[in-house]
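Student: Sequence first, predicted coordinates after that:
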Amino acid sequence: MVKKKPVVVVTRKLPDVVETRMRELFETRLNENDRPLSQAELVEAVRTADVLVPTVTDRIDSSILSQAGENLKLIANFGNGVDNIDVVTANNRGINVTNTPGVLTEDTADMTMALMLAVPRRLATGIKALEAGDWAGWSPTWMLGHRIWGKRLGIIGMGRIGQAVARRAKAFGMSIHYHNRRRLSENIEEDLEATYWESLDQMLARMDVVSIHCPHTPGTFHLLSARRLKLLKKDAYVVNTARGEVIDENALIRMLESGDLAGAGLDVFEHEPAVNPKLAKMENVLLLPHMGSATIEGRIEMGEKVIINIRTFMDGHRPPDRVLPSML
Ligand SMILES: O=CC(=O)O
């Protein structure tokens with residue numbers, strides 16, 4: 001007997017090679033025009049799918065999950081972060097959740113370095129000045145920024161991406177400091193020449209650059225709160241390529257406005273895709289539209305991970321990238 005192919009509903013346009021392979025393997029319903037699904041369309045998707053492939057922009061909350069059909073047994077997220085999915089409710093309803101870890105580590109770390117270099121060295125300001133025809137020629141005192149060589153980098157969240165950033169920053173002459181739920185093994189710490197701070201507050205007070213690499217969970221929402229932001233040195237920079245919700249964005253804006261912080265490089269925002277217009281006007285801030293992991297190679301590898309997770313699950317095994325509530 002021929003095994004029935006699972007119905008796989010994909011919420012956004014994926015790279016062509018990924019969609020082609022999915023079509024071969026599954027009864028795949030694609031989103032050709034890439035328009036984010038409405039609530040009603042998401043409900044229809046969870047009602048009819050065996051597997052849902054959502055992504056960062058889809059909120060799969062308890063209200064959506066309560067309307068899921070009996071067949072829905074797997075949510076294979078196209079993305080590393082799973083804060084778009086209510087994993088606890090999914091788990092309670094017997095729906096497995098997977099993500100795509102590992103394949104976007106290096107790309108996100110590269111983009112973090114790009115921001116870490118660009119903000120203190122005023123790249124955006126320089127480009128704008130040149131484009132506006134405001135360049136009168138080289139001057140010893142024009143466009144001066146700050147060096148990062150010899151400065152202290154504080155990494156919040158020392159998982160895969162945090163460690164990849166640490167390796168790069170070390171090569172740029174920064175000293176590496178980190179705060180994490182769990183301390184790294186001695187070997188890794190030695191290899192990265194990283195100093196562990198059990199107290200986040202104490203670390204923050206001493207850093208020149210702070211970079212966020214923890215997931216957004218109920219425990220990390222506004223981890224950089226107004227109180228903690230005030231602990232930072234006046235000449236410190238903040239970089240965020242993780243999730244906007246980890247920083248109290250209004251408090252960050254106030255600190256930047258009052259000159260109590262040197263600058264910020266942000267790839268993610270608290271109310272994405274809305275960006276506070278105050279941020280967009282600031283000279284010492286560089287904003288990117290959540291493109292930390294946006295490489296062609298990475299997106300294809302994410303698709304491959306999604307496919308492996310679905311196939312493994314459909315073959316009756318535990319999918320390699322299963323996310324359990326206890327991991328969050
Ligand atoms: O932000 C992107 C992701 O979590 O994959």
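Tutor: Perfect, I can see it now. Residues are numbered from 1 along each chain as shown.

Student: how many neighbours does the closest residue to Met291 other than its chain neighbours have?
Tutor: Distances taken as C-beta to C-beta, 6 or more residues apart in numbering place Asp267 nearest to Met291, at 6.5 Å, with adjacent residues excluded. Yep, even glycine has a C-beta here, placed from its N, CA and C like the rest. Neighbour count of Asp267, defined by other C-beta atoms under 10 Å: 24.

Student: Correct me if wrong: Asp267 contacts His290.
Tutor: Yes: Asp267 is within contact range of His290, at 5.8 Å (criterion: C-beta atoms under 8 Å).

Student: need the contact list for the spatially closest residue to Gln39 that is not a sequence neighbour.
Tutor: Nearest residue to Gln39 in three dimensions, chain neighbours excluded: Ile64, at 7.5 Å (C-beta to C-beta, 6+ apart). By C-beta atoms under 8 Å, 6 or more residues apart in numbering, the residues touching Ile64 are 39, 42-43, 46.

Student: The same query, at a cut-off of 10 Å, please.
Tutor: Contacts here follow C-beta atoms under 10 Å, 6 or more residues apart in numbering; on that basis Ile64 touches 39, 42-43, 45-47, 52, 54, 58, 85-86, 89-90.

Student: Among these, name the buried ones.
Tutor: 42-43, 45-46, 52, 54, 58, 85-86, 89-90 (16 or more other C-beta atoms under 10 Å).

Student: And whichever helix in the chain runs longest, how far out from the chain middle?
Tutor: In terms of residue count, the longest helix belonging to the chain (DSSP state H) is helix 296-314. How far helix 296-314 lies from its chain's middle: 18 Å, per C-alpha atoms, centre = their mean, to the nearest Å.

Student: Enumerate the residues of this protein near the ligand.
Tutor: Counting by C-beta under 6 Å from any ligand atom, the chain comes close to the ligand at 56, 79-81, 104, 293.

Student: thinking again about what came up before, could you check which helix or strand contains the residue nearest to Gln39?
Tutor: Secondary structure assignment for Ile64, by DSSP states H and E: helix 62-65.

Student: Alpha carbons only: can I get that helix in CSV?
Tutor: Extracted in CSV, the C-alpha atoms of helix 62-65 (Å, rounded to 0.1, in the frame of the first residue of the first chain):
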residue,chain,number,x,y,z
SER,A,62,-3.1,29.2,22.4
SER,A,63,-6.2,30.6,20.7
ILE,A,64,-4.9,29.3,17.3
LEU,A,65,-3.8,26.0,18.8
